[in-house]
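Asks: Just the structure for this:
(one chain, ligands or ions: 2)
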Amino acid sequence: MNKKLAIYPGTFDPVTNGHIDIIARALDIFDEVIVAVLVNGSKTPLFSTKERLSLIKESTASLKGVKAESYDGLLVDYLKSKNCNVVLRGLRVATDLDYEFQLATANNMMDTGIETVFLMTSANYTFLTSSVVRDAYSHGGRLPKFVPPAVHTALVDKFKK
Ligand SMILES: Nc1ncnc2c1ncn2[C@@H]1O[C@H](COP(=O)(O)OP(=O)(O)OP(=O)(O)O)[C@@H](O)[C@H]1O
Ligand SMILES: [Mg+2]
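Replies: Ligands and ions are numbered 1, 2, ... in the order given. Model prediction:
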């Protein structure tokens with residue numbers, strides 16, 4: 001039987017426990033999840049692609065069936081190159097919905113075989129975003145309950161004077 005594969009694209013700058021929660025739960029549905037780090041997005045990232053990838057790898061080391069890769073350009077082309085037709089996304093509070101709906105529709109219009117699967121955030125991560133995490137640490141705050149230990153260390157290090 002073919003392995004069921006899902007691709008979870010994002011910026012992951014850095015990966016948070018909200019992301020890890022989505023990945024772990026997706027592994028109950030899919031055999032393999034590729035966490036795909038977008039290289040040239042519209043945002044200027046705090047962590048380099050290489051740093052983001054190694055933080056994802058370290059933070060998912062105990063989960064079986066997870067890979068981390070980077071991609072550039074159109075997500076639909078990347079999906080094709082992986083022979084995969086499932087995009088995995090997480091949904092937080094209502095504000096995610098409009099944007100995610102646009103994205104899923106656009107991808108499906110470019111390639112009608114593509115399905116986007118949404119997993120709803122776990123209650124304790126509803127308001128967790130990478131932006132909030134970056135912002136907190138940049139001002140000396142700490143959120144160890146919301147990021148994997150390797151990410152916590154990397155953030156403290158990044159903003160050390
Ligand atoms: N706490 C969370 N719970 C569920 N899904 C999440 C959570 N945080 C992010 N996601 C989902 O993960 C995917 C990748 O998100 P992304 O890399 O943009 O992270 P982000 O936290 O939204 O970062 P940023 O604040 O930089 O936009 C998206 O589908 C996003 O909705
Ligand atoms: Mg986001």
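Asks: contacts, neighbours, all on C-alpha from now
Replies: Noted.
Asks: just checking, what packs against the helix or strand of the chain with the lowest mean pLDDT?
Replies: Within the chain, no helix or strand scores below helix 95-110, which has a mean of 89 by mean pLDDT, DSSP states H and E. Counting contacts by 3 or more CA pairs under 8 Å, 6 or more residues apart in numbering; DSSP states H and E, helix 95-110 packs against helix 75-81, strand 115-120.
Asks: Need the winner for burial among these.
Replies: Highest mean neighbour count among the helices and strands packed on helix 95-110 (mean count of other CA atoms under 10 Å): strand 115-120, with a mean of 16.
Asks: So which elements touch that strand?
Replies: Checking 3+ CA pairs under 8 Å, 6+ apart, strand 115-120 ends up next to strand 86-91, helix 95-110.
Asks: Whichever helix or strand comes after it vs ligand 1: in contact?
Replies: For strand 115-120, the succeeding helix or strand toward the C-terminus, using DSSP states H and E, is helix 130-138. Yes - counting by CA under 6 Å from any ligand atom, ligand 1 has neighbours in helix 130-138: 130-131.
Asks: for helix 130-138, which positions count as buried?
Replies: 130, 133-134, 137 (16 or more other CA atoms under 10 Å).
Asks: which ones are touching the residue nearest to K3 when sequence neighbours are not counted?
Replies: Spatial nearest neighbour of K3, chain neighbours left out: D31 (5.9 Å); criterion: CA to CA, 6 or more residues apart in numbering. Shown in contact with D31 (CA atoms under 8 Å, 6 or more residues apart in numbering): 3-5, 65.
Asks: Let me know the pLDDT of D31.
Replies: Predicted confidence (pLDDT) for D31: 98.
Asks: Same check on the one 5 residues further on?
Replies: With respect to pLDDT, A36 has a value of 98.
Asks: and it, what are its bridge partners?
Replies: Assessed by DSSP bridges, A36 has beta-bridge partners P9, E69.
Asks: Next, the contact list for it, please.
Replies: Contacts of A36 by CA under 8 Å, 6+ apart are 7-10, 68-71.
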